[in-house]
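Asks: A predicted structure for the sequence below; I have some questions about it.
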Amino acid sequence: MSEPETKVTLTYNAAVAKGRSLSGLMHAPTSSIPQSPFLSYSDLEDSGYDANEDEAPSSSMQKLLIGALTTDQVDPEFISITHTQGDPINDEDELPAHTQGDTLDDEDELSAHTQGDTLDDEDELSAHTQGDTLDDEDELSAHTQGDTLNNEDELHAHTQGDTLDDEDELLADFCSEIHAKAGILIASYNRAPAYAARVPNTPLPPVQHWSDVAFLQWQYLQEDEQGTRGLKYILRESIENEDTLAIVERITNDLAAGEDLYWPGLVLDANSEQAMALLGTPNGGGVAWMLAQHRQQLGHKVVEKVVLFYHLSKVAKQKQEALNLLFCLRDVNAD
């Protein structure tokens, strides 16, 4: 096996193990899961986020989901809700050498005091870190407040001590497109504060994970408690994370080699090894944390299946093929 193949295998196996752990978390008794303290929309304002809410521009993805996932005649319009944090990072900000690593999704870089991983050899979960244990060679980096990158992680050239490009990037940017009646939440664009923490002396806000922000956005657009419990689908749209892409390539080579995998794509039962691997990716882990840590508001929901598909997405005025993961949910008490 070549070095690249070995690397992908290690990444895949680690994701499967993490996915199984997160699946166990979703199915665990509520009493054993510390619930998120962020329950009010005002928590976002208190954390310094600026909000913008508007009708989302109609897209082919929205039309696809409404047509495929709903049976009733519903208004096809989604609401776009965005929360941004702080001043933009500009080209004068340099990332120090000790933070050279992936600009990963928000659930991949975890704060040491929330959703992080414990380090002891006994592999015990710490109540205040609420995360998976790490192998002995993995260490949490105190100065980056997140997981260190292991040998399977690729370094992005633009984070290796170079200045950031001229495009001003906000410290945090969470954009969701929500159809409350249809129970659909599209995570269309997300940059967590952990990304900004790579710039020295950047404070992190209390609300910093996609799982909390997306829940508060979803809850805000519901009319009542019953509406909040009506979440049925979470789409991680136009995925760019390199680990996730590598894992998806491994899955498609094994199960659907040569297929284009446009909708309806590849449907994976939640109990399959491949679905566990996707749940264990940075893009899938946030879904599990959201369902587990907001169970009292959402009800006891778990992932029933994962749909892997490609869709033509407009990027920089051009259409390009983009990976999407649709997490289909079910209520445990509906069994």
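Replies: Received, thanks. Numbers count the residues shown, from 1 in each chain.

Asks: show residues contacting the strand or helix carrying Glu237.
Replies: Assessed by DSSP states H and E, Glu237 sits inside strand 233-239. Outside strand 233-239, the residues that touch it by Cβ atoms under 8 Å, 6 or more residues apart in numbering are 61, 65, 69, 182-188, 214, 245, 248, 283-284, 286-287, 290, 313, 315, 322-329. Heads up, the C-betas are built off the backbone N, CA and C, glycines and all.

Asks: and with 7 Å instead?
Replies: For strand 233-239, the external contacting residues (Cβ atoms under 7 Å, 6 or more residues apart in numbering) are 61, 65, 69, 183-188, 245, 283, 287, 313, 322-329.

Asks: can I get the buried part of those as one PyMOL selection?
Replies: To isolate the buried ones among the contacts of strand 233-239 in PyMOL, judged by 16 or more other Cβ atoms under 10 Å, type:
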select buried, resi 61+65+69+183+184+185+186+187+188+283+287+313+322+323+324+325+326+327+328+329
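
Asks: mind checking which of the contacts of strand 233-239 are in strands?
Replies: Of the contacts of strand 233-239, the ones assigned to strands by DSSP state E are 184-188, 313, 322-329.

Asks: widest-spaced pair of those?
Replies: Greatest spacing in the ones in strands among the contacts of strand 233-239, by Cβ to Cβ: Ser313 and Leu329 (23.6 Å).

Asks: Gly24: what secondary structure?
Replies: What DSSP: H, G, I helix; E, B strand; the rest coil gives for Gly24 is helix.

Asks: report how many residues lie close to it.
Replies: Gly24 has 11 neighbours, counted by other Cβ atoms under 10 Å.

Asks: how much space between it and Lys305?
Replies: Distance check for Gly24 against Lys305: by Cβ to Cβ, to the nearest Å, it reads 18 Å.

Asks: repeat for Asp54
Replies: Going from Asp54 to Lys305 by Cβ to Cβ gives 32 Å.

Asks: okay, the two: which has more neighbours?
Replies: When Asp54 and Lys305 are compared for neighbours, Lys305 comes out ahead with 16 against 9, by other Cβ under 10 Å.

Asks: tell me what angle the one helix or strand the more buried one maps to forms with strand 233-239.
Replies: If you go by DSSP H and E, Lys305 is part of strand 301-315. Interaxial angle, strand 301-315 versus strand 233-239 (axes from the mean of the first three to the mean of the last three Cα atoms, to 10 degrees): 30 degrees.
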